[in-house]
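> how would this look folded up:
(one chain, ligands or ions: 1)
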Amino acid sequence: MNGKINIALSGGKTPELLFTVLSAEYKNKINWGKLFFYWVDERCVPPDSAESNFGMAEKNLLRNIAIPAENIYRISGEAAPEAEAVSYSEIIKRNIPSQNDFPVFDLIMLGVGEDGHTASIFPDQMNLLKSDKIAEVSKHPQSGQKRITLSGKVINNSDRIFFLASGKNKADVIANILEKKEDYLKYPAGHIETSDGGLKWYLDKEAASELKTL
Ligand code: 6PG
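Residues are numbered from 1 along each chain as shown. Down below sits the predicted model:
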């Protein structure tokens with residue numbers, strides 16, 4: 001590591017809680033200047049929208065800590081999605097060291113949805129797991145909202161991957177994936193892995209409640 005720590009953040013409720021705790025309890029305990037924040041995915045909305053993943057991080061973490069503006073690489077959700085996926089890929093290529101032709105983040109933080117999606121890779125868009133691009137445009141299956149997401153290959157090339165999940169509604173899908181039940185590969189999150197044990201799951205009691213080995 002060259003002193004810079006490159007982290008890709010997710011949106012959603014669980015990171016929101018983490019950001020609040022980081023702001024309240026770790027504000028003065030972390031050398032924020034060493035951290036460089038990118039996003040795993042973004043909803044195609046302006047940054048001040050209540051749905052913006054960047055906006056959520058800004059409100060709950062970034063504005064509360066001493067992090068230089070140049071350490072923050074947001075996805076422009078307000079831009080034309082296809083063009084933004086290309087330009088965000090270029091930003092990542094320029095700034096993140098690569099291996100096996102793909103960028104290597106130091107840490108990628110992920111969530112998982114009840115339907116097994118992770119990042120903005122949904123069960124009806126499994127092709128994004130194998131895409132050779134760094135970032136792709138995807139679509140939320142119910143709302144049709146466009147998203148920009150890192151591809152599965154970029155995620156799996158990360159040094160460390162932390163899944164954060166909370167709540168009873170996630171318990172079934174999490175047990176399926178962690179216990180590799182027979183259909184676990186139908187979930188995008190079931191395809192996430194690192195080569196050397198860098199994958200960790202952080203669950204609250206409810207999200208872990210269907211696991212046999214508790
Ligand atoms: C997003 C995400 C998404 C999220 C999961 C879990 O923008 O929605 O990055 O992949 O991590 O949907 O979200 P919750 O923590 O809100 O359940």
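> test my guess that Lys34 contacts Ala66.
No: with contact defined as C-beta atoms under 8 Å, Lys34 does not count as touching Ala66 (11.5 Å). Any C-beta I mention is one placed from the backbone N, CA and C, and that applies to glycine too.
> just the pLDDT at Ile108, thanks.
Note on Ile108: pLDDT of 98.
> give me the secondary structure label for it.
Applying DSSP: H, G, I helix; E, B strand; the rest coil to Ile108 yields a three-state assignment of strand.
> ok but Glu82 is inside a strand, no?
No: per three-state DSSP, Glu82 lies outside any strand segment and is helix.
> what is the neighbour count of it?
11 (other C-beta atoms under 10 Å).
> could you check how far it is from Ile75?
Using C-beta to C-beta, to the nearest Å, Glu82 is found at 13 Å from Ile75.
> quick one: the helices in this structure?
Here the chain has its helices, by DSSP state H, at 13-25, 53-60, 81-95, 152-156, 171-178.
> just the C-alphas of the second one, formatted as CSV.
The reference is to helix 53-60. Extracted in CSV, the C-alpha atoms of helix 53-60 (Å, rounded to 0.1, in the frame of the first residue of the first chain):
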residue,chain,number,x,y,z
ASN,A,53,-25.8,7.4,-2.3
PHE,A,54,-23.2,10.2,-2.4
GLY,A,55,-25.7,12.6,-0.8
MET,A,56,-26.4,10.1,2.0
ALA,A,57,-22.6,9.7,2.7
GLU,A,58,-22.1,13.5,2.5
LYS,A,59,-24.8,14.1,5.0
ASN,A,60,-24.0,11.4,7.5
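> for that helix, which outside residues touch it?
9-12, 15-16, 19-20, 23, 37, 39, 41-43, 47-49, 74-75, 77 (C-beta atoms under 8 Å, 6 or more residues apart in numbering).
> and the closest residue to Gly3 other than its chain neighbours, what is it in contact with?
Distance criterion C-beta to C-beta, 6 or more residues apart in numbering; nearest residue to Gly3, sequence neighbours excluded, is Lys34 at 6.3 Å. The contact partners of Lys34, taken as C-beta under 8 Å, 6+ apart, are 3-5.
> in TSV: these, plus distance to Glu70 and pLDDT.
Compiled in TSV, the contacts of Lys34 are given as follows (distance: C-beta to C-beta, whole Å; pLDDT from 0 to 100):
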residue	distance to Glu70	pLDDT
Gly3	15	87
Lys4	11	95
Ile5	15	98
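> can you pick the most crowded of those residues?
Within the contacts of Lys34, neighbour counts (other C-beta under 10 Å) peak at Ile5, which reaches 16 neighbours.
> that one and Ala83, how far apart?
Going from Ile5 to Ala83 by C-beta to C-beta gives 29 Å.
> what residue ranges in this structure score low on pLDDT?
1-2, 214 (pLDDT under 70).
> who's in contact with the closest residue to Pro46 other than its chain neighbours?
The shortest distance from Pro46 to any non-neighbouring residue, by C-beta to C-beta, 6+ apart, is to Glu78 (4.2 Å). By C-beta under 8 Å, 6+ apart, the residues touching Glu78 are 44-47.
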